[in-house]
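Student: sequence and computational prediction follow.
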Amino acid sequence: MSAGNERFSAEAAAWDSNEDVHRASESALQAILRHRPDLVENKKEAPIRGLDVLEIGCGTGLLTLRLAPYVRRIVAVDAAQGMIDALRQKLAKAATEEAKDSEGDCRASIQTICVLLEDPEDPALPAADFPDDAASFAPRRKFDLAISHLVLHHIPDHPALLKTLFGCLKPGGQLALTDFENFGPEARSFHPESRMDGVEFHGIEAELLAQQMRAAGFTDVSVQPEWVMEKAVERFPGEWDAGKPAGVELRKMQFPFLLCRGTKP
Ligand SMILES: C[S@@+](CC[C@H](N)C(=O)[O-])C[C@H]1O[C@@H](n2cnc3c(N)ncnc32)[C@H](O)[C@@H]1O
């Protein structure tokens, strides 16, 4: 993952200049809200009675900032310092804006942490909200909802990640992870050949991930396609056209995205 960290830190400053990442994050938000209509219905009360959310692999906060108005608090975690710095800059800018609109207030509920999260009791995570949580043995905060977007395919060990997320949730807490589906060899085209650093999978295999979620202890597991994203991609490696090597031309391709849901009993 360290090569991936360097890649993402290096790419952080220009991350938001890619229109695809904004479209994908908006679709991820809409998919989550379709399955949690209570978040929309209770948006007004969200700052007081809303959900505590953990986002793993928040990047520059494209999904974090979209979801923030619907929940109480978000702990936004990323292993790449560059990504966390980019999100912190956005939050600082919002805080210094003269007219604080409601979106600005929501941003105050986002806590950013740079950590490669592999342990639900990682001391980098916030302590639980006990009155005496200053005690060094206080367990870490537990969450109502854990989300990630376009992160699973960068993580080599899904059973280990699912075990970590299970440990981060409260009883009754839910997972809502979104990523593109491995629909066959052409799914490789999602990333250009020059940006394969840190790519562990060319998309997610729905049935395999569902099995791994059940094995981790989740119930009500559902791993289903939720939307399709059209994306300009390089020609497929090995695909030669009139003597031109892969990567020299773009073409449009459709990528199905999965929403992976489950509940901690
Ligand atoms: C493709 S980027 C997606 C960023 C963001 N979610 C978005 O859609 O714009 C994947 C991010 O996941 C982060 N990441 C991968 N594994 C992680 C882990 N175990 N803990 C924290 N961050 C992780 C990487 O550092 C990277 O910033």
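Tutor: That came through, no problem.

Student: which parts of the stretch 51-200 of the chain are strands?
Tutor: Using DSSP state E, counting those that start in this stretch, the strands of the stretch 51-200 of the chain run over 52-56, 73-78, 110-114, 143-149, 169-180.

Student: make CSV out of those strands and add distance to the ligand and mean pLDDT.
Tutor: (C-beta placed from N, C-alpha, C; glycine too.) Formatted as CSV, the strands of the stretch 51-200 of the chain follow (distance: least, CB to the nearest ligand atom, whole Å; pLDDT from 0 to 100):
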stretch, distance to the ligand, mean pLDDT
strand 52-56, 5, 97
strand 73-78, 4, 97
strand 110-114, 8, 97
strand 143-149, 4, 97
strand 169-180, 9, 97
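
Student: need the ones you listed in CSV (columns: mean neighbour count).
Tutor: Converted to CSV, these look like this (neighbours: other CB atoms under 10 Å):
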stretch, mean neighbour count
strand 52-56, 25
strand 73-78, 26
strand 110-114, 19
strand 143-149, 24
strand 169-180, 20
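
Student: for stretch 139-155, measure first residue to last.
Tutor: Start-to-end span of stretch 139-155 (CA to CA, to the nearest Å) is 25 Å.

Student: off-centre distance for it?
Tutor: Taking CA atoms, centre = their mean, to the nearest Å, one finds the center of stretch 139-155 at 7 Å from the center of the full chain.

Student: same deal with stretch 150-165?
Tutor: 11 Å.

Student: so which bits of it are buried?
Tutor: Buried positions in stretch 150-165, judged by neighbour count with 16 or more other CB atoms under 10 Å: 150-155, 158, 161-165.

Student: those residues: which ones sit near the ligand?
Tutor: Contacts with the ligand are made by 150-151, 154-155 out of the buried residues of stretch 150-165, judged by CB under 6 Å from any ligand atom.
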